[in-house]
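**Student:** Structure for this input, please:
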Amino acid sequence: MDSERDDGIVVIGAGVIGLTTAVVLAERGRRVRVWTRDPVGRTTSAVAGALWWPYRIEPVALARAWALRSLEVYEELAAHPARTGVRMVEGVMGEARLDGARAWAGARVPGLRAATAEEYRGPGVWARLPLIDMPAHLVWLRERLLRAGGRVEERTVSDLGGAGAPVVVNCTGLGARELVPDRSVRPVRGQLVVVENPGVRTWTVSTDASGQLAYVFPQPGRLLLGGTAEEGAWSPAPDPAVAEAIVRRCAALRPEIAGARVLEHRVGLRPARDTVRLERERRPDGRVLVHNYGHGGAGVTVAWGCAEEAATLATAAPAG
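**Tutor:** Residues are numbered from 1 along each chain as shown. Reported below is the predicted structural model:
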């Protein structure tokens, strides 16, 4: 691989974390190549429901800072939803407490309030948050990267040390389990059902007394119904019984969903870790490796904050 050595930066991984990191680097004037095993539209990020909300992510203080910085960016992108895939949409986070939400959101989420009995059957928080159409958003990120002079190359990486660039940014998500290797990275399997939208305009997230998750996310031309969070489950195949249960739970929240025509089934493996790994290390050969993985189901929520920090680590590193 020595023939490929240059003064650019290689970002490995083309999910939302990898592409966002590459965009930040390219727009800071760096030559960036993204290496991805799968096309952008087939990454785990492409199947995400993608509501901005901190979800099972540590460390809390850093996640809050990353999330609030990402919120700033999404609010700007929501001015052009047809291009960016980002919209500001109202909805209810069931079982959330207003004091808890205010503790991390502060004044950054205007209009945050307790949900009324008409809006939700139990305790919950009403908020206007970014809801992101991930297939459209990933295409937009890729195009923004290309406009900034970056490149996306489909290639399989079996060794982080194999990239010839002096700086490599590891955004491989679940792939980091084998590639680093980091056995603390594990899948949290999520399944969802895509149906025709019978007119739902607001989102809802709910967790029942048994811990079963249900969410309803209106996206352009469709409705995303979820979901599951199965720790350690690797199967990418949709389970028909699980799909039926998802539709049933969501119809209990929003009765108009019952009977909606199913358009698609999706499964994604969230790359979970006890804490996000966002740090720099020097390789024995003097090259620099920046890790940016382990975001679980909150990758979209923290993407821009993490990308800016990873880019700072990458560009501050000696290139020799």
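**Student:** give me the low-pLDDT residue ranges for the stretch 51-200 of the chain?
**Tutor:** Along the stretch 51-200 of the chain, no part satisfies pLDDT under 70.
**Student:** Which parts of it are strands?
**Tutor:** 86-94, 113-114, 124-132, 151-154, 167-170, 186-195 (DSSP state E, counting those that start in this stretch).
**Student:** Quickly compare the ones you listed and say which is most buried.
**Tutor:** Burial of those is given as mean neighbour count (mean count of other Cβ atoms under 10 Å); strand 167-170 ranks first at a mean of 27. Glycine gets a C-beta too; all of them are placed from N, C-alpha and C.
**Student:** contacts for that one?
**Tutor:** 9-13, 18, 21-22, 25, 160, 176, 179-180, 287-293, 310, 314, 317, 319 (Cβ atoms under 8 Å, 6 or more residues apart in numbering).
**Student:** Check stretch 58-70 too.
**Tutor:** 52, 54, 57, 104-106, 108, 274-276, 278, 298, 300-306, 308-309.
**Student:** For it, list the C-alpha coordinates in PDB.
**Tutor:** Extracted in PDB, the C-alpha atoms of stretch 58-70 (Å, rounded to 0.1, in the frame of the first residue of the first chain):
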ATOM      1  CA  GLU A  58     -22.200   7.700  27.100                       C
ATOM      2  CA  PRO A  59     -20.400   9.700  28.400                       C
ATOM      3  CA  VAL A  60     -23.400  11.900  29.200                       C
ATOM      4  CA  ALA A  61     -21.600  15.300  29.500                       C
ATOM      5  CA  LEU A  62     -19.700  14.900  26.200                       C
ATOM      6  CA  ALA A  63     -22.800  13.500  24.500                       C
ATOM      7  CA  ARG A  64     -24.800  16.500  25.500                       C
ATOM      8  CA  ALA A  65     -22.200  18.900  24.000                       C
ATOM      9  CA  TRP A  66     -22.000  16.900  20.800                       C
ATOM     10  CA  ALA A  67     -25.800  16.700  20.500                       C
ATOM     11  CA  LEU A  68     -26.400  20.400  21.100                       C
ATOM     12  CA  ARG A  69     -23.800  21.300  18.500                       C
ATOM     13  CA  SER A  70     -25.500  18.900  16.100                       C
END
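**Student:** Identify each buried residue in it, please.
**Tutor:** L62, A63, R64, W66, A67, L68, R69, S70 (16 or more other Cβ atoms under 10 Å).
**Student:** one step back: are any of the contacts of strand 167-170 buried, and if so which?
**Tutor:** 9-13, 18, 21-22, 25, 160, 176, 179-180, 287-293, 310, 314, 317.
**Student:** Just the ones of those residues in strands?
**Tutor:** I9, V10, V11, I12, V288, L289, V290, H291, N292, Y293 (DSSP state E).
**Student:** Check the gap between the spatially closest residue to the last one that is not a sequence neighbour and E153 for me.
**Tutor:** Taking Cβ to Cβ, 6 or more residues apart in numbering as the measure, Y293 lies nearest to A176, with 4.6 Å between them; neighbours along the chain are not counted. When distance is defined by Cβ to Cβ, to the nearest Å, A176 is 19 Å away from E153.
**Student:** Thought V125 was touching A105, still the case?
**Tutor:** No - counting by Cβ atoms under 8 Å, A105 does not reach V125; the two are 9.2 Å apart.
**Student:** so what sits against both of the two?
**Tutor:** Common neighbours of A105 and V125 (Cβ under 8 Å, 6+ apart) are L112.
**Student:** what about the helices in the stretch 151-300 of the chain?
**Tutor:** 176-179, 240-253, 299-316 (DSSP state H, counting those that start in this stretch).
**Student:** Contact partners for the closest residue to G296 other than its chain neighbours?
**Tutor:** Nearest residue to G296 in three dimensions, chain neighbours excluded: A272, at 4.1 Å (Cβ to Cβ, 6+ apart). A272 sits next to R56, V185, R186, P187, V188, E231, G294, G296, G297 when contact means Cβ under 8 Å, 6+ apart.
**Student:** Likewise for V276?
**Tutor:** I57, E58, P59, L62, A63, Y293, G294, H295, V302, C306.
**Student:** same check, this time on G94
**Tutor:** A115, Y120, G122, P123, G124, T204, V205, S206, T207.
**Student:** Can you tell me who it pairs with across the strands?
**Tutor:** For G94, the beta-bridge partners are G124 (DSSP bridges).
**Student:** Angles on the backbone of V200, please.
**Tutor:** phi -70, psi 130 (degrees, to the nearest 10).
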